[in-house]
Structure formats: C-alpha cells, structure tokens
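heads up, no residue letters with this:
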Ligand code: LRH
Ligand code: MN
Ligand code: MN
C-alpha cells in the first residue's frame with residue numbers, strides 16, 4: 001500500500017496544490033430532452049449556487065473557483081456576487097458566454113450570415129468581458145453551438161471567415177491580463193457541420209488571434225475511440241492548452257461524473273499533463289469540471305468528481321518515469337506498459353486521505369459532507385430550485 005511518503009517532495013507538493021474549478025451549472029437542475037428531474041434543495045439563484053460550490057471546496061480543499069455561465073448566472077450586481085464568493089472562501093473563475101439559447105441564434109451566433117445577429121453575439125461576449133471585470137475573472141470561455149444541419153445550408157468557408165472576424169473583435173476587447181479560451185465539439189446541436197468541431201480548428205483560430213487565446217478540451221466532445229491524451233500532448237507542445245472541461249461520456253456528450261465511464265483514460269490524460277510538467281499552478285492549464293447531475297445529488301456528485309480527478313492525478317504522479325524511459329529506449333514493450341499499469345493499478349485512496357488529514361480536512365470528504373446536515377438544511381429551506389442547464 002502506498003502512502004504520502006512514497007511520492008517525491010515535488011510530486012507531493014503538486015498534488016497538494018492541485019485545484020479543480022467547478023461549474024455553477026452543475027448545482028442547478030438539468031436533464032435530457034425527455035425530462036428534467038429536480039433534486040430537492042436545488043439553488044434558486046447564483047448566490048446559492050456559490051454557497052453549494054463552497055461546500056465542495058470546504059470538504060475537498062481543492063475547488064476554490066467557480067465558473068459562471070452568462071446569462072444563466074446573470075445578477076444585478078456582479079461585484080456583490082464576487083464579494084459573496086469571497087466570503088465563502090471561493091472566487092469566480094472563467095466566464096462562459098451563452099449564445100445558444102436565444103431564438104435569434106437559430107442559424108448561428110458568431111458565424112451567423114445575418115450581420116445584425118452576428119453583431120448581437122459579439123456584443124454578448126463584450127458583456128461577458130464586463131462581467132469578468134466586475135468579478136475579477138481573467139478568462140472568457142467560448143463554446144459555440146454554431147453549425148448547419150444540411151449540406152448547402154450555408155457556405156462552410158464563409159462561416160469560418162465570419163468566425164475569424166467575430167473572434168478578433170472580441171479578443172481585441174480583452175485587457176492584457178485576460179485571455180480567451182475556445183472550446184471545440186465534434187457535433188451537437190448541429191449535425192452535418194459544426195463550425196468549431198475539433199482541436200485543429202480551435203487551434204488555428206487561437207493562433208490567428210494571439211498568445212492569449214488557447215484551446216479548451218472538453219473530454220465529452222470527441223468521437224468514441226478518440227485518443228484524447230494524444231490531443232492533450234499536442235496542445236501542450238504548442239503551448240495552447242488553456243483548460244479542460246472534465247466529464248464522462250458513454251454515448252454522446254453525456255456530462256456524467258469525470259472518471260466514471262473511463263478512469264483509465266483520465267489517468268492517461270493526467271500522465272501527459274505530468275509528463276509535460278503542466279500540473280504546476282502557474283502552467284496556464286485550468287482543470288475544470290463541466291458536468292450535470294441529473295439523478296444524483298449535486299454537491300456529493302461534485303465532491304466525488306473532484307476526488308476522481310485527484311485519484312487519477314496521484315496515480316499519474318506515481319509513474320516511475322525513469323523506469324518508463326529506460327524501458328521505452330530499450331524497446332521493452334511489456335516493461336514500459338507494465339510501469340504505467342503498476343501506477344494505474346495502485347490504490348491511492350489512503351494516500352489522498354493522508355493528504356487531506358495533513359491539511360486539516362476529513363479523510364473522506366463525501367462521508368463528512370453527508371454527515372454535516374447541509375443537505376437536509378437546503379432541502380428544507382429551498383423550494384423551487386433554479387433551472388440551470390440546457391432548458392434555462
Ligand atoms: C457544450 C458545453 C460547453 C457549454 C456547456 C454547458 O456542450 O460543453 O462547455 O458551455 O456544455
Ligand atoms: Mn464543455
Ligand atoms: Mn459539452
């Protein structure tokens with residue numbers, strides 16, 4: 001059994017310092033297009049979403065930032081929201097723009113052939129930059145539902161030119177200490193062609209924009225069988241991996257808990273991160289969750305997800321890099337694969353429990369949360385939770 005002392009001091013400090021950003025929308029209700037099941041105690045406004053996110057941070061000690069989605073999280077006074085977050089021991093992370101739930105955007109937002117609608121979508125992003133200013137956020141996160149359903153519906157190339165121009169206008173409005181991150185997704189809601197379908201397209205736009213534009217990799221946004229860790233490696237080589245949206249998929253963009261469907265894939269991703277020394281807090285890579293908890297309670301669902309990322313990270317840090325390199329250079333296939341599998345198959349839960357106790361936290365965050373009485377309290381206090389997510 002491994003313990004904390006089995007990690008070298010540098011690996012240990014990386015694990016101690018690792019933080020995972022939470023999505024505000026994970027605390028709201030969501031569902032499928034068939035049904036949204038509400039959970040008791042669901043937040044009624046962004047202030048309550050932050051309160052719930054702060055519980056995840058309180059028990060894991062590893063989730064000090066919350067990402068907002070605008071307009072889902074619109075409030076009258078964003079400075080008050082910032083102060084509220086700080087009073088709870090968390091702060092506002094990335095600001096996500098939402099230009100996909102307005103009738104005007106039926107044929108797209110930043111790629112729309114109608115110039116007045118494209119201008120409206122650009123203005124929505126400038127508004128997000130104002131929210132960044134008020135909340136102290138340094139990142140604008142852009143995901144577009146833009147695309148077409150039928151061949152010939154619009155001109156593929158013209159849509160890219162419009163995107164190029166729209167993104168350039170938005171990028172120009174960022175201050176020097178702010179960045180833009182651009183997320184790709186291979187399908188949905190468009191089915192024939194999506195305007196930012198893959199990491200290559202996102203990277204090309206980021207490179208055209210400038211050094212403060214980076215790619216977001218959402219683990220649920222790939223075709224089955226895609227080697228995601230290869231993409232991670234390549235974006236890290238290019239210095240353009242801005243953030244992860246972590247979640248699990250079985251069939252489509254399922255937004256299930258990270259590490260639930262394929263913990264081995266998560267380990268392989270974290271191995272590339274460790275290999276590139278990108279776990280450092282100043283590496284520029286943000287580790288974020290993008291999940292919806294449709295059946296399970298949301299706060300424990302997020303706690304479990306943070307723990308899953310920590311477990312994959314601890315395993316990646318346990319990889320015997322020297323032995324791995326030696327086996328690779330010797331062409332010893334089985335030994336090289338064995339080094340990775342040894343780390344993956346190690347039970348790191350006791351090691352992480354030790355780490356939490358050292359930080360003054362309960363060794364089992366889930367059990368501690370469930371015993372805290374918070375869930376019963378919010379279920380009694382909050383009636384009529386907010387609808388956050390796709391139906392909002
Ligand atoms: C799109 C997406 C994107 C959105 C979020 C709610 O599928 O992953 O990150 O902002 O879901
Ligand atoms: Mn996402
Ligand atoms: Mn998604």
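Everything's here; your move. Not measured: the values here are computed from a predicted model. Ligands and ions are numbered 1, 2, ... in the order given.

OK, contacts around the residue of the chain found nearest ligand 1?
Nearest residue of the chain to ligand 1: residue 143, at 3.8 Å (Cβ to the nearest ligand atom). Where you see a C-beta, it was placed from the backbone N, CA and C, and this is true even at glycine. Neighbour list for residue 143: 96, 97, 182, 183, 185, 196, 216, 218 [criterion: Cβ atoms under 8 Å, 6 or more residues apart in numbering].

ok, now with 7 Å
For residue 143, the contacting residues are 183, 185, by Cβ atoms under 7 Å, 6 or more residues apart in numbering.

cool, residue 67 as well?
21, 22, 23, 24, 93, 94, 96, 288.

run the last query once more with 10 Å
Neighbouring residues of residue 67 by Cβ atoms under 10 Å, 6 or more residues apart in numbering: 21-26, 53, 73, 92-96, 137, 139, 141, 243, 245, 286, 288-290.

Those residues also near ligand 2: which ones?
Among the contacts of residue 67, proximity to ligand 2 is found for 245, 290 (Cβ under 5 Å from the ion).

Just the contacts of residue 67: which are in strands?
Among the contacts of residue 67, the ones falling in strands (DSSP state E) are 22-23, 92-96, 139, 141, 243, 245, 286, 288-289.

Pick out the most distant pair among the residues you listed.
With distances taken as Cβ to Cβ, the most widely separated pair in the ones in strands among the contacts of residue 67 is 92 and 245, at 16.9 Å.

can you give me the helices in the stretch 51-200 of the chain?
Here the stretch 51-200 of the chain has its helices, by DSSP state H, counting those that start in this stretch, at 78-87, 115-135, 156-172, 199-209.

So which of these is nearest ligand 2?
With respect to ligand 2, and counting by Cβ to the ion, the nearest of the helices of the stretch 51-200 of the chain is helix 199-209 at 12.3 Å.

Can you give me the buried ones in the closest one?
Burial within helix 199-209, assessed by neighbour count using 16 or more other Cβ atoms under 10 Å, is assigned to 199, 201, 202, 203, 205, 206, 209.

and the next element down the chain from that helix?
The helix or strand immediately downstream of helix 199-209 is strand 213-218, counting by DSSP states H and E.

which parts of the stretch 151-300 of the chain sit against ligand 2?
Contact residues, the stretch 151-300 of the chain versus ligand 2 (Cβ under 5 Å from the ion): 218, 245, 290.

Please repeat the previous calculation with a cut-off of 6 Å.
When proximity is defined by Cβ under 6 Å from the ion, the stretch 151-300 of the chain lies next to ligand 2 at 183, 218, 245, 290.

Would you format these as a markdown table with distance to residue 297 included?
Converted to a markdown table, those look like this (distance: Cβ to Cβ, whole Å):
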| residue | distance to residue 297 |
| --- | --- |
| 183 | 27 |
| 218 | 23 |
| 245 | 21 |
| 290 | 18 |
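
Would you format those residues as CSV with pLDDT included?
Shown next, in CSV, are these (pLDDT from 0 to 100):
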residue, pLDDT
183, 99
218, 98
245, 98
290, 98
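
Confirm that residue 251 lies within a strand, as I assumed.
No: the assignment for residue 251, made by DSSP: H, G, I helix; E, B strand; the rest coil, is coil rather than a strand.

Please tell me how far stretch 108-120 is from the chain's geometric centre.
For stretch 108-120, the separation from the chain centroid amounts to 27 Å (computed by Cα atoms, centre = their mean, to the nearest Å).

out of the helices of the stretch 51-200 of the chain, deepest packed?
helix 199-209 (a mean of 19; mean count of other Cβ atoms under 10 Å).

what helices or strands is it leaning on?
helix 156-172, strand 179-183, strand 213-218, helix 228-237, strand 241-246 (3 or more Cβ pairs under 10 Å, 6 or more residues apart in numbering; DSSP states H and E).

Indicate which one of those is closest to residue 8.
Of the helices and strands packed on helix 199-209, the one closest to residue 8 (Cβ to Cβ) turns out to be helix 228-237, at 21.5 Å.

What are the contacting residues of the closest one?
Contacts of helix 228-237 (Cβ under 10 Å, 6+ apart): 184, 198-200, 202-203, 206, 214-219, 221-222, 227, 240-242, 244, 262, 265-273, 275-278, 283-285.

Next, name the residue at the spatial heart of the chain.
residue 245 (2.5 Å; Cα atoms, centre = their mean).

residues touching that residue, list them.
Counting by Cβ under 10 Å, 6+ apart, residue 245 makes contact with 21, 23, 67, 94, 96, 141, 143, 181, 183, 185, 216-221, 255, 258, 286-291.

at 6 Å instead, please
218, 288, 290 (Cβ atoms under 6 Å, 6 or more residues apart in numbering).

Model confidence for the second one, exactly?
In this prediction, residue 288 carries a pLDDT score of 98.

What is the neighbour count of it?
Counted by other Cβ atoms under 10 Å, the residues lying close to residue 288 total 29.

got it, and the first one?
The burial count assigned to residue 218 is 21, neighbours taken as other Cβ under 10 Å.

and the stretch 201-350 of the chain, which of its residues are near ligand 1?
Residues of the stretch 201-350 of the chain found near ligand 1 (Cβ under 6 Å from any ligand atom) are 218, 245, 253, 290.

Which residue, neighbours along the chain excluded, lies closest to the last one?
Taking Cβ to Cβ, 6 or more residues apart in numbering as the measure, residue 290 lies nearest to residue 245, with 3.5 Å between them; neighbours along the chain are not counted.

From residue 216, how far out is the one you found?
Residue 245 is 6 Å from residue 216, where distance means Cβ to Cβ, to the nearest Å.

Check residue 304 too.
Taking Cβ to Cβ, one finds residue 304 at 23 Å from residue 216.

more neighbours, the two?
Neighbour count, other Cβ under 10 Å: between residue 304 and residue 216, residue 216 has more, with 29 against 20.

partner residues bridging that one?
residue 183, residue 243 (DSSP bridges).

That one contacts residue 180, correct?
No: using Cβ atoms under 6 Å, residue 216 is not in contact with residue 180; the gap is 9.9 Å.
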